[in-house]
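Enquirer: task: produce atomic coordinates for the following.
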Amino acid sequence: MDTLSAGPLGWLDPTTLIPAVGLIGILAIIFAETGLLVGFFFPGDSLLFLAGVAASEFVSKIPGLEDMERLSLWGLLVGAPLCAIAGAQLGHWLGAKYGRKMFERPNSRLFKREYVEKAEYYFAKFGPAKAVILARFIPIVRTFLNPVAGVLKMPARQFFVYNVVGAILWCDGIVLLGYVLAARLSNVPNIDKYILPAVAVIILLSVSPIFLEIFRGWRARRRGLATEAGDDAVRRHRA
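Expert: Model prediction:
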């Protein structure tokens, strides 16, 4: 049984997605994750990494991928960045055209206002250029930062330049990481024992910034409550 697809990810598990959708489907997912607000839940990082593995001659050794044909490495290296660029440009255009009313919807199981606020936070913290590049490596933020950049009137030409840089670094970097790692482990028995944990590590690393920010927010709230309690104690003592 597929090691990963047995877990809670279900059909969003890349070892399930890749054989089911193939190269064209992978490229469509990359476009959706970066260009459509409803695409933020797709597993972009682990999908690209395992796609790189699936482009190597060792794909037959990976549980869940053993029956599929090798993906085209050049198709991934060229197609994935192009789709990521096109998706982000669409997001920026939508944000510039429709403004904040794009985000004026109640929280639901899919949409949370905090997603937009997180994208705005990174935009303000790192500045437009760095934010567009770094957001590629942060799930959810890479979906919402593009329309946020449009809403905040980041010039289209400037956005395009950093969009291209970020897309190439993200897509080709992670695809090549999977491809090269598979090649390096070619003579290792049970290669899946190394590849699948690597996918898990990538997932953890990609979501770690989100958990870090959650922890920082929790700690800040704790400090705020402690400060308020101290101020109340002082006021009671003076009274």
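
Enquirer: need the residues that contact the helix or strand Lys125 falls within.
Expert: Lys125 is part of helix 113-134, with elements assigned from DSSP states H and E. Contacts to helix 113-134, defined as Cβ atoms under 8 Å, 6 or more residues apart in numbering, come from residues 40, 88, 103, 107, 135, 138, 140-141, 143-146, 148-149, 152, 154, 158-159, 162-163, 165-166, 169, 210, 213. From N, CA and C alone the C-beta is placed, and that goes for glycine too.

Enquirer: what are the buried residues along it?
Expert: 115-116, 118-123, 128, 131-134 (16 or more other Cβ atoms under 10 Å).

Enquirer: re earlier: restricted to buried residues, select the contacts of helix 113-134 in ChimeraX.
Expert: Buried subset of those, written as a ChimeraX selection, criterion 16+ other Cβ under 10 Å:
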select :40,88,103,135,138,140,141,143,144,145,146,148,149,152,154,159,162,163,165,166,213
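
Enquirer: and the buried residues of helix 113-134, which is closest to Cys83?
Expert: Val132 (16.4 Å; Cβ to Cβ).

Enquirer: look up the closest residue to the closest one, ignoring the ones flanking it.
Expert: Leaving aside its chain neighbours, Val132 sits nearest to Tyr162 (4.1 Å; criterion: Cβ to Cβ, 6 or more residues apart in numbering).

Enquirer: so how far is Ala135 from the nearest residue to Met154 once chain neighbours are set aside?
Expert: Once flanking residues are discounted, Met154 sits nearest to Pro128: 4.8 Å by Cβ to Cβ, 6+ apart. For Pro128, the distance to Ala135 equals 11 Å [Cβ to Cβ, to the nearest Å].

Enquirer: likewise Gly22?
Expert: Taking Cβ to Cβ, one finds Gly22 at 27 Å from Ala135.

Enquirer: repeat that for Val180.
Expert: Val180 is 25 Å from Ala135, by Cβ to Cβ.

Enquirer: need the contact partners of the helix or strand where Arg142 lies.
Expert: Using DSSP H and E, Arg142 sits in helix 141-151. Outside helix 141-151, the residues that touch it by Cβ under 8 Å, 6+ apart are 33-37, 39-40, 44, 87-97, 99-100, 102-103, 115-116, 118-120, 122-123, 128, 131-132, 135-136, 159, 163, 170, 209-210.

Enquirer: with stretch 160-180 instead?
Expert: 30, 34, 45, 48-53, 55-56, 73, 76-77, 80-82, 84-85, 88-89, 92, 128-129, 132-137, 142, 146, 195, 198, 202.

Enquirer: make it 6 Å
Expert: Stretch 160-180 is contacted from outside by 48-49, 52-53, 55-56, 76-77, 80-81, 84-85, 88, 129, 132-133, 136, using Cβ atoms under 6 Å, 6 or more residues apart in numbering.

Enquirer: state the mean pLDDT of it.
Expert: Stretch 160-180 shows a mean pLDDT of 92.

Enquirer: for Gly91, see how far away the nearest residue to Ala84 once chain neighbours are set aside is.
Expert: Computed as Cβ to Cβ, 6+ apart, the closest residue to Ala84 that is not its neighbour in sequence is Ala167, at 3.9 Å. According to Cβ to Cβ, Ala167 and Gly91 sit 12 Å apart.

Enquirer: and if you look at Leu17?
Expert: Distance from Leu17 to Gly91, by Cβ to Cβ: 22 Å.

Enquirer: neighbour-wise, which of these two wins?
Expert: Legend: neighbour count by other Cβ atoms under 10 Å for Leu17 and Gly91, higher for Gly91 (27 against 23).

Enquirer: how near is that one to Glu114?
Expert: For Gly91 relative to Glu114 (Cβ to Cβ), the value is 18 Å.
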